[in-house]
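Peer 1: Let's see this in three dimensions:
(2 chains)
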Amino acid sequence: MSWKKDEDSDELGALLNLDHSAVLQEARIFNQTPIRPRQSRLLLAKIVFLLYRGDSIPTIDATNLFFSITKLFQCKDMSLRQMVYLTIKELSTVSEDVIMVTSSLMKDMQPKSEITYRANAIRALCKIVDPSMLPGIERLLKAAIVEKLPSIASAALVSSIHLFTDAKDVVRRWGNEASEALNGKALSMGPSFFSGSANQNQVVSTSNIVQYHAIGLLYAIRQHDRMAVLKLVQTFSGQNKSGGWMSGPSPTLRSNMAHVMLIRYAVRVMENDPSLLPQLCTLLQEWMSHSSDMVSLEAARAVCQLKDVDSRPLTQAVGVLQMFLGSPRATARFAAIRTLNTLARTHPEAVQPCNVDMENLITDKNRSVATFAITTLLKTGNEASVDRLMKQMQGFMAEISDEFKIIVAEAVRSLCRKFPGKHSLFLSFLSGVLRDEGGYEFKRSAIEAIIDLAKNVPECKETALAHLCEFIEDCEFTKLSVRVLYFLGEEGPLTAKPTIYIRHIYNRVVLENAVVRAAAVNALAKFGASSAADPSLQRSVRVLLKRCLDDRDDEVRDRSAWALRMMDNEKTKDKYVRDDSTFALAVLERKLVEYCADPAASLKGKFSFESVPRISRAQEEESRNQARLENMDAVLTGTTISAPSSTRPIGAGISEAIETPGTPMSPGVSGSGFMDEFEQQARYASQLNAIPEIAAFGDQPLVSSRKPVDLTEAETEYVVRCIKHVYDGHIVFQFDVTNTIPEQVLEQIEVAMEPEEDIDGVLEPVVVVPIPELKCNQPGTAYVAFARADTETFPSVSFACTLKFIVKECDPATGEPEEGDDGFEDEYSLEATDLGAGDFMQSTYIPDSHSLWEVLGQDAEAIETFALANFDGIEECITKVNDLLGMSPLDGALKPKSKAAHQAVFTGKWMGRVKTVARTRMTYQKGAGVTMELAVRSEDQGVSELMVAAIA
Amino acid sequence: MANLSLYTVRAVVVMDGDGNRLIAKYYNRGQNVQSYKTLKEQQKFESELFSKTRKSNSEIVLYDGQTVLFKYVNDVYFYLVGNPEENELLLGAVLNGLVEAISQLLKYNIDKRSVLDNLDMVVLALDETIDDGIALETDPNAIAANVSKRGVDTIDVSLSNFNEQTVMDAYKLAKERFNLALLR
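Peer 2: Numbers count the residues shown, from 1 in each chain, chains lettered A, B, ... in the order given. This next block holds a predicted model:
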């Protein structure tokens, strides 16, 4: 017997303390005859409860349980049967041999069974069925999809969607049934008796949710067929104004949820087609005034997310969202403010009309809404509103949680960037909050904000540093002290009176723990080594450092000894303290991991730092900032900062921006895209090494193109992009091919390259790697490799390219070529590919390019002046030059400050080895075009000349 | 990128007033990336979620990168975890349908006790509302109608104390028999 000894115990407690062995004991009642439906049902509920509570039942027990449950099929009681279905579904993941009940379930699915039987049996069966058995029940399911009763149709449709993942080709055949279900009349009458226990009332769902399921399945089936989706959208977009329950002869969407999906499909299929965009905008505008909140929200959101959108629909969308802002429902407010927040990133001016409404939301009782309101306001606000906003924030800083404070600090940090004129206001706010209580994360973001301010607004640097000094006097977080000390070391020496900072820093040496002391010693060393330091300062620093030699901690002693030695020598000073470059950390990390993972690597030699590209600190800073902005919204939205699951891959957004074809890289993005470029190249290298013929050319290409070149127009039948890789003795052209025709399968795809000039003795074709088969929308890669017969010449050739392949007709639904179709050969001509000097140049940042320029001197220089009449502006010209040189532009190189004259410096490594610096000066006169002087100095005179020739 | 599939719900959790899980169902079908695979992760998520939301009755929160809608009725807390990009009002309709239906089934008297007493109906209502992450029905009347009521048995028992009841019944029966025997 399994009752509790303690009979007085709370009966709820008994249920909460239920454990599975007790339930298994009780399961014996399933074997009783006659079956007791009510008792069995309650026991089944307990089993489900156990599973939902998180208990795990061992497989063997679950299987036994499962088999005793199957006995319950003998009982016809409805209330029991429904519970049996649910239990079977839940046990299907734990138990073995669930397939045994298939026949019982199939019996319940028959049209003559009761409704609740059927709907539930369908859902249960689809959970346990194996894709290979699907054809056996296909007929039943198809019939159920077009069933008049919504609950059965929904059950069948939803199950089909689940099945679609595993059995695409079978479910694909149900498209007609799904569209019939979608277009079917609303069921307002008809037999829907829920027999069984008591309920004889007929209940007709008012949600018309069948349409939602039908449209979902239909889209899943047809998603690759653009025309079909377009037709689907157009069918339902015409009659939307009537929209009520009383449907006319033409199909309408009665389900709001289905309408939401329709909007998404419409955007998906029409957004990228310029000819359909106006139509899409009209539709969305119409939908925004739909009677249902859900639909108008979705439409407004869709408008806000369109890439290029006119101001008129946008104004309407903002108007709709503004209305939601005043809604009593937090969910609606949340949805609206969240959309506006995203919109403010791209179109801050469009959101401005809502400013007043958003200011009211700052004190919203829903914290997420308030957070979004603040951050949106920060994006849309102007200089005048900042004062008010800051005052408001100061008011409630004390009463909010730490997590929320971080958001405010981050927000203020962005504000600092936007309105440097208000620095004193921000500084006093930030130093004020630093004095308050707060956790590490919050203090950190406040510190970072101050540091940011000090870096970007020179006028307030001294005040900011003073605030930081004050902060470390009484700081409980070691990490933050270290961060501040580092920053003081960077910036302090350059100020007018470095001595005051030295005092603060040395105080740390006296008072703090070892970690902070070590950081303080480093900061002192920077003061001493700084070029701005006068001899008396150097002497004082030396005295302080010498005292540190007696420190209790060995690290502190080591560092001070090192600092003293370093300060004596100009060269080491330059190397350690004044170096303004750093490794591309992502690449360094990857290479180190590879090195450690490869057991043979240490035998081959030491880890080579040479292969890790260097970038300037400014660039690194830039890319970090970018990443921070990317992550900020994740943080903002209440994601726990520590949760690793929530941190998005850094720079994901950046790479998107780069890979989007046709959008010219904005200068800001190019700086931060460095990390991604390196990552991209690593990806190429591993792809190339997978092909044995190419892997033989070398470990990895010396130089890979920075970005792919499109060889076809966008929106053509086949999309081809070319990427060039240069090896020591070889050149590999990589062609990424995408087939966009669903009715075709391409086989044996290769690219034929015909040189337009004579290349005998310079380049010899060696390997052509074709793509064996290419289905619709699955990108494939073909390669063509040339050997460089003479490694000393760097050819500049243009190739005419042709795509050659065998076409086979196929069923667009399955992607399988039709049987017996041998296909025919076809060609498709591509745009020409050029190979130029720039392709041999690896774009790398070289630290201290100025002194390199001097060292290389006149001898290694090639210089030429060009009159480029066909350029209409400097910006256009510099972009072109950047493309041709294939080198890394230094700060501001791509952002001409004046329209009349510009100077830019580029750095790079020829063949990944020879350091090269290029300097251009250009002037622009209206009418005469651009006059440019290009001077290139390189460790190899020949390279300089080649580079200059590249422009001509 | 908008979610083009119908998979919208990642989890439904029902908790009592102390943040103890009564029922939790996590869905990981479709493109739903399920980050809470183990019971431990789920419990951590739930307790953090509970502590974050218990004080405010504000319907919705973005938590750990997901949209979470919640609703309290007396001492029962309903949470619906949805895709972050999903239309919030759509998710709201789903949660509303579920809670309203349960409320109907429990005769407009939702509390921890009634939920536990009528577990069979609660779990069936959940099953009729959401099928593996897809909203199956949002109309509370329809959901409630789809949930079958308990059948009649020879012995009337309520769920939470039916162990004791059975024993009591046996005892009663024995007593009657005994009395009968005595009378004879």
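
Peer 1: residues near A:Glu747, how many?
Peer 2: 16 (other C-beta atoms under 10 Å in any protein chain shown). In short, each C-beta sits where N, CA and C put it, glycine included.

Peer 1: hey, what's it bridged with?
Peer 2: A:Glu773, A:Ile806 (DSSP bridges).

Peer 1: low-scoring stretches of the stretch 751-900 of chain A, by residue?
Peer 2: Within the stretch 751-900 of chain A, the stretches falling below the threshold (pLDDT under 70) are A:791, A:812-821, A:847-848, A:891-893.

Peer 1: Which single residue in it comes nearest to chain B?
Peer 2: Going by C-beta to the nearest C-beta, chain B is nearest to A:Asn777 of the stretch 751-900 of chain A, at 14.7 Å.

Peer 1: distance of that residue from A:Cys810?
Peer 2: To A:Cys810, A:Asn777 is 13 Å away according to C-beta to C-beta, to the nearest Å.

Peer 1: more crowded one of the two?
Peer 2: When A:Asn777 and A:Cys810 are compared on other C-beta under 10 Å, the one with more neighbours turns out to be A:Cys810, at 21 against 13.

Peer 1: so that one touches A:Val745, yeah?
Peer 2: Yes. Counting by C-beta atoms under 8 Å, A:Cys810 does reach A:Val745; the two are 4.6 Å apart.

Peer 1: quick one, what contacts the nearest residue to B:Val123 once chain neighbours are set aside?
Peer 2: Closest residue to B:Val123 apart from its sequence neighbours, by C-beta to C-beta, 6 or more residues apart in numbering or on different chains: A:Val48 at 4.9 Å. Shown in contact with A:Val48 (C-beta atoms under 8 Å, 6 or more residues apart in numbering or on different chains): A:Met83, A:Leu86, A:Thr87, A:Glu90, B:Leu119, B:Val123.

Peer 1: Going by distance to A:Asp364, which of those residues wins?
Peer 2: Nearest to A:Asp364 out of those is B:Val123 (C-beta to C-beta; 35.2 Å).

Peer 1: Tell me who's in contact with that closest one.
Peer 2: So B:Val123 contacts A:Ala45, A:Val48, A:Phe49, A:Tyr52, A:Leu86, B:Ile23 (C-beta under 8 Å, 6+ apart).

Peer 1: just how off-centre is the helix or strand where A:Ser79 lies within its chain?
Peer 2: Element membership for A:Ser79, per DSSP states H and E: helix A:78-91. Between the centre of helix A:78-91 and the centre of its chain there are 41 Å (C-alpha atoms, centre = their mean, to the nearest Å).

Peer 1: before we move on, what about stretch A:268-281?
Peer 2: Relative to its parent chain, stretch A:268-281 has a centroid offset of 24 Å by C-alpha atoms, centre = their mean.

Peer 1: Can you give me the buried ones in that stretch?
Peer 2: In terms of neighbour count (16 or more other C-beta atoms under 10 Å in any protein chain shown), stretch A:268-281 has its buried residues at A:Arg268, A:Val269, A:Met270, A:Glu271, A:Leu276, A:Leu277, A:Leu280, A:Cys281.

Peer 1: Tabulate the contacts of B:Val123 (a markdown table), appending distance to B:Glu46, secondary structure and pLDDT.
Peer 2: Converted to a markdown table, the contacts of B:Val123 look like this (distance: C-beta to C-beta, whole Å; DSSP: H, G, I helix; E, B strand; the rest coil; pLDDT from 0 to 100):
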| residue | distance to B:Glu46 | secondary structure | pLDDT |
| --- | --- | --- | --- |
| A:Ala45 | 22 | helix | 88 |
| A:Val48 | 19 | helix | 88 |
| A:Phe49 | 16 | helix | 88 |
| A:Tyr52 | 13 | helix | 87 |
| A:Leu86 | 22 | helix | 90 |
| B:Ile23 | 11 | strand | 90 |
